[in-house]
Every structure is written in C-alpha cells, then in structure tokens.
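>>> only geometry, no sequence info:
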C-alpha cells in the first residue's frame, strides 16, 4: 500500500482531502490531453490506479504493478485501452467533484438560511440608506438629566478620553470628557440625536454661562462608516451568486454574523419604531 501513496506524493497518514488534492494536481499534470509523451501516459495510468486503490475503489492487484513500460510489449490496442480507461475515470472523477461543488452551492441558495439572508439583505439596505440620510437631516434635541457618571476614564479611537454617564431615563452614554464638573453643578443637559434613529450624537452641558459640547462615542451613528457598508454585505451576496470562495465567506458571514447585528440594531432602543415613523416618534 505504501508505494501507492508514494505515487501520489503522500505518506500513509495522509487525509482524504490531501489524497484528492494531490491526485487532481498530478492527474492534471500528466493528463494525455495536456502531456503527449509516452512516459506521461504511463504516469497518468499509475496515478489513476494508485488513487483508486488508496481510496478503496479498487483492490490491490495480486500481481505487482511493476513498470508499465515493460508491458508495452503487448498490442498497441491494449495500451490504448488502458490510456482510454484511465482518462475516462479521471473525467468521471472530475465531473463528480464538479457536481458535488455545484450541489453545495445549490444548498447555500435554498432553504431557511437563504431566506434569512434575503430578509437581512432588504432590511440591511433600508437601514444603511437611512443611516446615510440621517447625516443630512436636522437633529432632535431632548432634555435629559445626568444621574450618575463614572470617574474612570478610558481610551477611545485615537487619543480621545471617554467616560460613562447615565441619565434619568436609564440610558448610558460614553462621552468624550474628563471634566466631571460638567454634570456636578448642573446635571441638566441637552442631547442632540439623529433624526431617524434617535442615536445620541452630542451632549450639551450649560455651566455658568458656558455651554460645553461633548461628543458621544460607541454608538451606531458614531460608527456609521463601518456599520452602513457592513449591513450592505447580505444585499451584495444576494445578487453576487458566484461559485467561488468570496461568495462562501460572505454568505456565512451574512447569515451567522451580520444578520444578527442587523436585527440587534433594529430591535434595541425602539429603532424599528423610529424607522417606521421616519424619526417623528
């Protein structure tokens, strides 16, 4: 059995995937349609026979395989038949592999996963477009009261320093400030929010005739340049439909990761309601 593995350039511990990979590589290299030399044809037959034996499709012959060149004393018709048979089996294996791959992509484009992807594509497209529109619409201003703030400071993107505040409505926001007196003397603030999704953008604090404008971090609006293109990936996959690794990776990312993100976005903080009312409520 060892020599058959060696013909495929493998050891006896090789996996099924390694066997198929090396077989396809060698068979393609020595295929009679690509390589017309007599030695290549002999090699092609040996490779085909070795592959069938190590995969269990054929039993080890009782007589030694030996060197096929020594058998060429037989009639030319017999040799041609061997080449034809090996070529036929190669083509059959090739068609089988192609059919397996085709069936795999058919399964990806049917069933409940594909339905989830289509819904995510439509919803993700709507959300992404609304995020872009939100950049140009006027913002809401709501009166809030800060009831708790953290004295701990953390780093955000770049060199920004942020801390956590909580309002009387139990809303928590990461704001870019280290000056706690902004809430200590007057804890009433104005929160500027995006029109459609009501995402907090800025906190305005009035302290002794001075108004402080404090950016809010770590919101969907704050990260719109990442979120909007990400939510468009399922829409891209829905129309891409090509049998290649890019489709497979994008498909699984859309179904098992991005779809969850889309529905989390929609069903937290009443965003689905804001979307239905186009931001008026």
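Sure, I can see it. All values reported here derive from a predicted model rather than from experimental measurement. Residues are numbered from 1 along each chain as shown.

>>> can you give me the strands in the chain?
In the chain, the strands defined using DSSP state E lie at 140-149, 154-155, 161-167, 172-175, 188-193, 200-207, 210-217.

>>> How many residues are close by residue 136?
7 (other Cβ atoms under 10 Å). For every residue, glycine as well, the C-beta is placed using N, CA and C.

>>> Can you give me the distance of it to residue 104?
In this view, residue 136 and residue 104 are 44 Å apart by Cβ to Cβ, to the nearest Å.

>>> before we move on, the earlier item: closest one to residue 22 among the strands of the chain?
Closest to residue 22 of the strands of the chain is strand 154-155 (Cβ to Cβ; 50.3 Å).

>>> What average pLDDT does that closest one get?
Across strand 154-155, the average pLDDT comes to 89.

>>> thinking again about what came up before, dump the strands of the chain into JSON lines; add distance to residue 21 as well.
Formatted as JSON lines, the strands of the chain follow (distance: least, Cβ to Cβ, whole Å):
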{"stretch": "strand 140-149", "distance to residue 21": "59"}
{"stretch": "strand 154-155", "distance to residue 21": "46"}
{"stretch": "strand 161-167", "distance to residue 21": "50"}
{"stretch": "strand 172-175", "distance to residue 21": "49"}
{"stretch": "strand 188-193", "distance to residue 21": "55"}
{"stretch": "strand 200-207", "distance to residue 21": "53"}
{"stretch": "strand 210-217", "distance to residue 21": "48"}
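
>>> Adding mean neighbour count and distance to residue 57, write those strands out as TSV.
Listed next are those as TSV, based on neighbours: other Cβ atoms under 10 Å; distance: least, Cβ to Cβ, whole Å:
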stretch	mean neighbour count	distance to residue 57
strand 140-149	15	70
strand 154-155	11	61
strand 161-167	18	64
strand 172-175	19	62
strand 188-193	18	67
strand 200-207	18	65
strand 210-217	15	61
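
>>> So which of the ones you listed is nearest residue 50?
strand 154-155 (59.8 Å).

>>> Run the chain-centre distance for the closest one.
Between the centre of strand 154-155 and the centre of its chain there are 30 Å (Cα atoms, centre = their mean, to the nearest Å).

>>> Give the other helices and strands that it contacts.
strand 161-167 (3 or more Cβ pairs under 8 Å, 6 or more residues apart in numbering; DSSP states H and E).

>>> ok, the strand it packs on: who's next to it in the sheet?
Partners of strand 161-167 in the sheet, by DSSP bridges, are strand 140-149 (antiparallel), strand 154-155 (antiparallel), strand 172-175 (antiparallel).

>>> what sits up against it?
Residues from elsewhere that reach strand 161-167 (Cβ atoms under 8 Å, 6 or more residues apart in numbering): 144-156, 172-178, 183, 189, 191, 203, 217-218.
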